[in-house]
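Peer 1: 3D, please:
(2 chains)
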Protein chains: 2
Amino acid sequence: MKLALKEGWKYQGLTYPNPAVGCCIVSQDGEILAVEAHKKAGLPHAEVEALKSAYTKLTHDTKIKDLTSSADIHEYLKENHNNIFKNCSVYTTLEPCSHVGKTPSCADLLCAMGVKKVYVGAQDNNPEAACGNKKLKDSNIEVESGILETESKELLYPFEAWHKKSFVFFKWAQRLNGTYDDGIITSKESRKNVHDVRDKCDLLVIGGETVRVDRPTLDARMVDGKAPNVLIYSREKEFDKTIPLFGVEGRKVIISDSLDEIKNYKNIMIEGGANMFEATRDIVDRYLCYVAPKLGGSKVFQTNKQEFEILNILQEDEDIIMWLKKRG
Amino acid sequence: MKLALKEGWKYQGLTYPNPAVGCCIVSQDGEILAVEAHKKAGLPHAEVEALKSAYTKLTHDTKIKDLTSSADIHEYLKENHNNIFKNCSVYTTLEPCSHVGKTPSCADLLCAMGVKKVYVGAQDNNPEAACGNKKLKDSNIEVESGILETESKELLYPFEAWHKKSFVFFKWAQRLNGTYDDGIITSKESRKNVHDVRDKCDLLVIGGETVRVDRPTLDARMVDGKAPNVLIYSREKEFDKTIPLFGVEGRKVIISDSLDEIKNYKNIMIEGGANMFEATRDIVDRYLCYVAPKLGGSKVFQTNKQEFEILNILQEDEDIIMWLKKRG
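Peer 2: Numbering: from 1, shown residues only, chains lettered A, B, ... in the order given. Below you'll find the model as predicted:
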């Protein structure tokens, strides 16, 4: 389940309107056959990705690799599984979905595969998708729920907040010693990741000073994504309109000395420095922090005291990407 | 091998006069039976710890758990293994030792267990211990060497530097935003880890200003360890001798405006802030950085530019512990 969680976190923020979910499949002998995650809307759910990987590993039949639509993978697996999964256990951070939405139901697929046991992290509170556990049990599949439940709920939290009302997160990038001036800080991979996260937001909030100093574009061009609307939080209403962010087509730019506009959006990323951090401390759900393993610079992320719990650390590229939660 | 490396890094700095080594045992079916490391001198080597764990997992015979001496575990395994390891693969970050030192030879034990295959990360350059691979091959065990070799050599590096001449590392602790003033920064677990690392050092180097301001003890009391000698790097030779570090029994305190004294020691930890970082940049092999996920404080780890490669990140407790290597 730890591996499933870790894999799910890689795609945190990228899966809307679906939750981030990770899934791990283990053979009867304890071999890890697959560790996969739901990567983005339109792509298969974590369970389907994992069954696909595990199928390839067990059968060496690579035809399934070319299938990308969830419906096609479902169909292929149903026709060709030959009960190879009958002694396998499935670890999924979220109760498998039971409804047929954009993709067929994962619970139905797991039933059809006749897996031995499904370990579930968090239960699904979405009434449309829920009852996956029941479906599995009705099909004589063992189900054990509540495995690493706290951690599984943390992975699910941004989606649930977004689903209920809205999810507000604060993103910042810094060097190891807390500085964020003096040129580009993070690696290209990290900046691409930011663009990917931005693409899924409907509002970016940024401070007026940052707009004047950095003259940013604030789009998602590195991933050919869409540019969210921007709220410039500023007392001063006059800005040089040649600053690139104003020139992005189809984007609305709001300049306001109030954060009230946030209420009209669902997935809101606040980007900024220490001042924005202080100004938005009470409305932020989670923090996304990019740390480049470098020293240097002079302007420091200097705030009042705040302790965090580290929800996840990702270090695939040279930088560290952390999701944090306020403590206390 | 990745799991073996990760486990080995947990004990980096704690295994002298032995190297840090990790070992993972995988069944015929791909199940991970054990992931273990060499924890400290006098305790079993990584391979022995891993065979012990895997034996318990496979047999449910828990008698072996009470055995702590390497010789006893060797003997018990040789008597009771019943060929249960005959289809297992062993991943070890360092070539298994072939000589009988404080503990019997790991290569001999692996031969006696009749494991199927041994994957080796780095070769052993220590002529006394080397030839493990040859011993295995002579016993008809498949050996594949050079698996994640670069990473395995990084894990081994501090030991090799120490063995050849000396290993000098710089340790600092900071909050997420680079500050290191304003009270205790890291968690109790992190501070215990520092004491554990200190216990294995023969010299601590610290700046005069830190001594005056922090009035530290610089011992290893949290782990009942020994307090290394201290070199206070300072132009000013007068210190208040009631500062606790002067009162530690059996310790030599050197006050000098030169770092030459370092040449007389083998495992040297430099503790300090940004000034010490700059003063010792050219003589430091590796960096050990503790990051508490907190904001606040005001004095920042402010240095000239330096980029690092992250060799390992450990996050078991609330803090992050990183081993870093200078880039460029």
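Peer 1: chain neighbours aside, what residue packs nearest to residue A:227?
Peer 2: residue A:219 (3.7 Å; Cβ to Cβ, 6 or more residues apart in numbering or on different chains). Yep, even glycine has a C-beta here, placed from its N, CA and C like the rest.
Peer 1: residues from the stretch 1-150 of chain A in reach of chain B?
Peer 2: A:27, A:28, A:29, A:30, A:31, A:32 (Cβ under 8 Å from any Cβ of the partner chain).
Peer 1: can you say which of those residues are buried?
Peer 2: A:27, A:31, A:32 (16 or more other Cβ atoms under 10 Å in any protein chain shown).
Peer 1: now the last one, what's its secondary structure?
Peer 2: Using DSSP: H, G, I helix; E, B strand; the rest coil, the structure places residue A:32 in strand.
Peer 1: surely it meets residue A:24?
Peer 2: Yes: using Cβ atoms under 8 Å, residue A:32 is in contact with residue A:24, at 6.5 Å.
Peer 1: surely residue A:195 is in a helix?
Peer 2: Yes: assessed by three-state DSSP, residue A:195 belongs to a helix.
Peer 1: show me what contacts it?
Peer 2: Residues near residue A:195 by Cβ atoms under 8 Å, 6 or more residues apart in numbering or on different chains: A:219, A:220, A:221, A:222, A:223, A:225.
Peer 1: how does it look with 6 Å?
Peer 2: A:220, A:222, A:223 (Cβ atoms under 6 Å, 6 or more residues apart in numbering or on different chains).
Peer 1: residue A:210 and residue A:181: what is the separation?
Peer 2: Here the criterion is Cβ to Cβ, to the nearest Å. By it, residue A:210 lies 11 Å from residue A:181.
Peer 1: sorry, back to before: from the contacts of residue A:195, which is closest to chain B?
Peer 2: residue A:222 (21.9 Å; Cβ to the nearest Cβ).
Peer 1: neighbours of the closest one, just the number please.
Peer 2: Look at residue A:222: counted by other Cβ atoms under 10 Å in any protein chain shown, it has 16 neighbours.
Peer 1: that one touches residue A:190, doesn't it?
Peer 2: No: contact criterion Cβ atoms under 6 Å: residue A:222 and residue A:190 do not qualify, at 10.6 Å.
Peer 1: ranges for the strands of the stretch 201-328 of chain A?
Peer 2: Applying DSSP state E, counting those that start in this stretch to the stretch 201-328 of chain A gives strands spanning A:203-207, A:229-233, A:253-256, A:267-271, A:286-292, A:294-295, A:306-314, A:320-326.
Peer 1: want to throw the ones you listed into JSON lines with mean neighbour count?
Peer 2: Shown next, in JSON lines, are those (neighbours: other Cβ atoms under 10 Å in any protein chain shown):
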{"stretch": "strand A:203-207", "mean neighbour count": "24"}
{"stretch": "strand A:229-233", "mean neighbour count": "23"}
{"stretch": "strand A:253-256", "mean neighbour count": "16"}
{"stretch": "strand A:267-271", "mean neighbour count": "25"}
{"stretch": "strand A:286-292", "mean neighbour count": "23"}
{"stretch": "strand A:294-295", "mean neighbour count": "21"}
{"stretch": "strand A:306-314", "mean neighbour count": "18"}
{"stretch": "strand A:320-326", "mean neighbour count": "20"}
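Peer 1: closest to residue B:66 out of those?
Peer 2: Ranking those by proximity to residue B:66 (Cβ to Cβ) places strand A:306-314 first, at 36.2 Å.
Peer 1: quick one: is that closest one near chain B?
Peer 2: Yes: using Cβ under 6 Å from any Cβ of the partner chain, strand A:306-314 comes into contact with chain B via A:306, A:307, A:308, A:310, A:313.
Peer 1: just to revisit the earlier point, what about the strands of the stretch 201-328 of chain A, which gets the closest to residue B:325?
Peer 2: Among the strands of the stretch 201-328 of chain A, strand A:294-295 sits nearest to residue B:325 (Cβ to Cβ), with 12.9 Å.
Peer 1: can I see the domain layout of chain A?
Peer 2: Per automatic domain parsing, the structural domains of chain A span A:2-162, A:166-326.
Peer 1: tabulate the buried ones among the residues of the stretch 1-150 of chain A next to chain B (JSON lines), appending pLDDT.
Peer 2: Formatted as JSON lines, these follow (pLDDT from 0 to 100):
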{"residue": "A:27", "pLDDT": "94"}
{"residue": "A:31", "pLDDT": "92"}
{"residue": "A:32", "pLDDT": "94"}
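Peer 1: can I get these in a markdown table with distance to residue A:14?
Peer 2: What follows is these, written out as a markdown table (distance: Cβ to Cβ, whole Å):
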| residue | distance to residue A:14 |
| --- | --- |
| A:27 | 29 |
| A:31 | 29 |
| A:32 | 24 |
